[in-house]
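# Coordinates only, no sequence provided:
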């Protein structure tokens, strides 16, 4: 397996740090719009692994699918790992297909709200553009594994596991994400890409119900306090647009699928204010004669989340809360989750916990594809594959496994 | 009198509309960085006053004092009226001095926080750079009348009036500004320049006390609900950095001078969020390789307040609350104020009420200078002049006066 990683931001950098400990691949080209950033990642990996010879840095414009195709061909890459922000999903997805490579991402093609009823009916949904091309991928015998980070990603693996091994009937698959991270020395410092966070939080949140199909609500709807494990405790969660709601109903039987994000009151207020002022917009405004995207300015004003690991304290939790009827016919409620403490990911990998937790899952998935434990063609979500080998490889101890345990909590 | 008006934004445009009804000047050159904007103002005035021949449009870069000097000389201007944002005070002030013209502004040279104790001690104060040059102006026999809008401006005239005619001893001169304006069709639409509002609200608010001199506090300190007249009612006010606190103690005897702005909770929250994210900053950030000032982007995202008159409803109130001992030796408390209803300023002048209320006061002041009722040399605030002719000219009916009454409320 020869991997082309696109994007040496927080998640891409953590991907390389995690992959450096594994033997399943022969080459990893790390490409970024900013070559120096890709080179920094290669150098950081070599600092911890002086013998690492499989990684090289390259420059690429991810908005140009022909450039992506050319880079894949230049390096004979068999798998393209997309770790840039969701704006670039389609050119990379297309570039990989045109080059005959398999493709993985951690966020799907973007949504566009319904023109008439933006907070009631869906418009173009997350992933629609990718799923529309599934038959092409299938016919070409190639795989696009979409939404293969932690959320979406591990959360979808949990859904498949719950359906196959824990429940006879599922009422709700409810992804619930929360943490208690604080960043010392900043008034406000998101632990994940603000560009992506704005995108997912201010788009109309999507919900799926068996009788209604997909529908959307106002942003920040249905606030609920969810009690997270790992010492995190109760956090206020609200509906957010997220890929799981689009993925899970395609492969897992349930009455309802939701995603709620534990943003907390302060973050919600910040996002509402950005929206009120139009600062969330990606449409350029005229600033002294120059076109500038307000959201890019917001991102430029905040510290790069990938560089905050040293100043961060606390843990992040990704998980799936499932209700329904257990295998014994009795009502059952479980929370399947994966908690990462920032001190641990910093100690072992030099990566902050949020980007590390996102990045470890596609490494595990690629290893399962390399060994043949997972295989498939077409555009598939993580829940299209058997959950057991994934959860075993992720949770079991080194050197065979990744030593990052997940837990099942009966509630 | 031959006036050069710098800036055809909201206030500059209203200045021209108001001046068009008066005969005290011979020429008004309206200069802006954007010539088309200056031309729009001239055209708008001619629409209401087809015989108006005194006004012409010009282009100027107000950051270049030599260009300001050249423009003054080109037009033989006797008085320079500065109606651009406070960043340009010093080049215009200098340009006017070098050309031998008199000068008026509505905001003074900018402050810089104290490096060690930014929320306790003053650094460079508002107007310090201008007052430092007062003796030069005096020696040249020229006048710089600073802070001559509504606040500062009319509020300072009120202070002089209270000291001369209402009180034997003043405890506090408290400027209190509030309104009940709403703008239809926008989630958030400030009625005054957001650039200036951020500047005055996020700088450490300054207070003067006889025993302590000038000192500063945290932004938004000492919240108080003040009951405004004119149907506005109670509004939450907080301390804000404003010129009156620097001006009044120089000429009017009092124990304490404060400025509180009725921002309201929503606006305060927006400003706090902008500050938390660094979006209030004027220091450029790198956005995709280009240097961009975040505060300029915030301004570019919001509608131009000068264009909102048609969608605005309500009134704005500027005033001075004075406590102390009356002329009869008894405790006295008054609120001197000036209320403008947006419907009135739109009907009569086609200008929204906030910019109109700012602009009318320097027109009145220039008329008093033209007729010789006011005169002086050096750098002077409005309270250095007799308040009575100003208040008479402002409040008495047309055609002799401006027909914009002020009120005295004993509390």
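Received it, and whenever you're ready, just let me know what you need. What you see is a predicted model; the values in this text were computed from it and never measured.

# Need the phi and psi values for the nearest residue to residue A:80 once chain neighbours are set aside.
Spatially, and ignoring its direct neighbours in sequence, residue A:80 is nearest to residue A:96 (4.1 Å; CB to CB, 6 or more residues apart in numbering or on different chains). (Glycine included, C-beta is placed from N, CA and C.) Dihedral angles of residue A:96 (phi, psi; degrees, to the nearest 10) stand at phi -70, psi -40.

# Which residues are in contact with residue A:96?
A:68-69, A:72, A:80, A:102-103, A:144 (CB atoms under 8 Å, 6 or more residues apart in numbering or on different chains).

# now those as TSV including pLDDT, secondary structure and neighbour count?
Listed next are the contacts of residue A:96 as TSV, based on pLDDT from 0 to 100; DSSP: H, G, I helix; E, B strand; the rest coil; neighbours: other CB atoms under 10 Å in any protein chain shown:
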residue	pLDDT	secondary structure	neighbour count
A:68	98	helix	30
A:69	98	helix	21
A:72	98	helix	27
A:80	98	strand	27
A:102	98	strand	23
A:103	98	strand	27
A:144	98	strand	28
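
# May I see the residues you listed organised as JSON lines, with distance to residue B:295 added?
Below are these laid out as JSON lines (distance: CB to CB, whole Å):
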{"residue": "A:68", "distance to residue B:295": "37"}
{"residue": "A:69", "distance to residue B:295": "42"}
{"residue": "A:72", "distance to residue B:295": "43"}
{"residue": "A:80", "distance to residue B:295": "40"}
{"residue": "A:102", "distance to residue B:295": "46"}
{"residue": "A:103", "distance to residue B:295": "41"}
{"residue": "A:144", "distance to residue B:295": "43"}
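
# of these, closest to residue A:46?
residue A:80 (23.1 Å; CB to CB).

# Quick one: residues contacting the closest one.
A:3-4, A:6, A:68, A:72, A:92, A:95-96, A:99, A:101-104.

# just residue A:263 next, same as before
A:201, A:220, A:236-238, A:240, A:271.

# for residue A:182, which residues make a bridge with it?
Beta bridges link residue A:182 to residue A:313, judged by DSSP bridges.

# should've said residue A:226
Beta-bridge partners, per DSSP bridges, of residue A:226: residue A:235.

# List the contacts of it.
A:176, A:178, A:234-235, A:237, A:260, A:262, A:321.

# Most neighbours out of those residues, which is it?
residue A:178 (28 neighbours; other CB atoms under 10 Å in any protein chain shown).

# what's the helix or strand where that one lies packed up against?
According to DSSP states H and E, residue A:178 maps onto strand A:167-179. With contacts defined as 3 or more CB pairs under 8 Å, 6 or more residues apart in numbering or on different chains; DSSP states H and E, strand A:167-179 has these neighbours: strand A:224-228, strand A:233-239, helix A:243-251, strand A:256-261, strand A:315-326.

# is it possible to export these to JSON lines including mean pLDDT?
What follows is those, written out as JSON lines (pLDDT from 0 to 100):
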{"stretch": "strand A:224-228", "mean pLDDT": "95"}
{"stretch": "strand A:233-239", "mean pLDDT": "93"}
{"stretch": "helix A:243-251", "mean pLDDT": "98"}
{"stretch": "strand A:256-261", "mean pLDDT": "97"}
{"stretch": "strand A:315-326", "mean pLDDT": "97"}
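
# mind giving me CSV with the ones you listed and columns for distance to residue A:172?
Converted to CSV, the helices and strands packed on strand A:167-179 look like this (distance: least, CB to CB, whole Å):
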stretch, distance to residue A:172
strand A:224-228, 12
strand A:233-239, 13
helix A:243-251, 11
strand A:256-261, 4
strand A:315-326, 5
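
# which stretch among the ones you listed comes nearest residue B:139?
Checked against CB to CB, the stretch from those lying closest is strand A:233-239, at 65.3 Å.

# the inter-axis angle of the closest one versus strand A:256-261?
With axes from the mean of the first three to the mean of the last three CA atoms, to 10 degrees as the basis, strand A:233-239 and strand A:256-261 are set at 120 degrees to each other.

# helices or strands next to strand A:233-239 in the packing?
Against strand A:233-239 (3+ CB pairs under 8 Å, 6+ apart) you get strand A:167-179, strand A:224-228, strand A:256-261, helix A:265-276.

# and it, how far from the chain's centre?
19 Å (CA atoms, centre = their mean, to the nearest Å).

# Break chain A into its domains for me.
A:2-149+A:355-404, A:154-353 (automatic domain parsing).

# how about these in JSON lines, adding distance to residue B:157?
Shown next, in JSON lines, are the domains of chain A (distance: least, CB to CB, whole Å):
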{"stretch": "domain A:2-149+A:355-404", "distance to residue B:157": "51"}
{"stretch": "domain A:154-353", "distance to residue B:157": "35"}
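
# The ones you listed: lowest mean pLDDT?
Mean pLDDT is lowest for domain A:154-353 out of these, coming in at a mean of 94.

# Just the terminal-to-terminal distance for that one.
Using CA to CA, to the nearest Å, one end of domain A:154-353 lies 15 Å from the other.

# Quick one: distance of it to the chain centre.
Worked out by CA atoms, centre = their mean, domain A:154-353 lies 10 Å from the chain centre.

# From chain B, how far off is residue A:83?
From residue A:83 over to chain B the distance is 19 Å, taken as CB to the nearest CB, to the nearest Å.

# How about residue A:345?
In terms of CB to the nearest CB, residue A:345 sits 26 Å off from chain B.

# Counting neighbours, what do you get for that residue?
For residue A:345, using other CB under 10 Å, the count is 27.

# Tell me who's in contact with it.
A:14, A:309, A:351-353, A:356-357.

# I'd like the secondary structure assignment at it, please.
helix (DSSP: H, G, I helix; E, B strand; the rest coil).

# ok, now residue A:364?
Assignment for residue A:364 (three-state DSSP): helix.

# so it makes contact with residue A:394?
Yes - using CB atoms under 8 Å, residue A:364 makes contact with residue A:394 at a distance of 5.2 Å.

# Overlap of the contact sets of these two?
With CB under 8 Å, 6+ apart, residue A:364 and residue A:394 have common neighbours residue A:402.

# Who has more neighbours out of the two?
residue A:364 (27 against 22).

# mind listing what that one touches?
Here residue A:364 is in contact with A:390, A:393-394, A:402 (CB under 8 Å, 6+ apart).

# Let's see which of these end up in helices.
Judged by DSSP state H, the subset of the contacts of residue A:364 located in helices is A:390, A:393-394.

# now the residues you listed as JSON lines including distance to chain B?
JSON lines is the format used below for these (distance: CB to the nearest CB, whole Å):
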{"residue": "A:390", "distance to chain B": "37"}
{"residue": "A:393", "distance to chain B": "39"}
{"residue": "A:394", "distance to chain B": "35"}
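
# Is it possible to get a markdown table of those that adds distance to residue B:247?
Formatted as a markdown table, those follow (distance: CB to CB, whole Å):
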| residue | distance to residue B:247 |
| --- | --- |
| A:390 | 71 |
| A:393 | 72 |
| A:394 | 68 |
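
# No further queries at this time; thank you.
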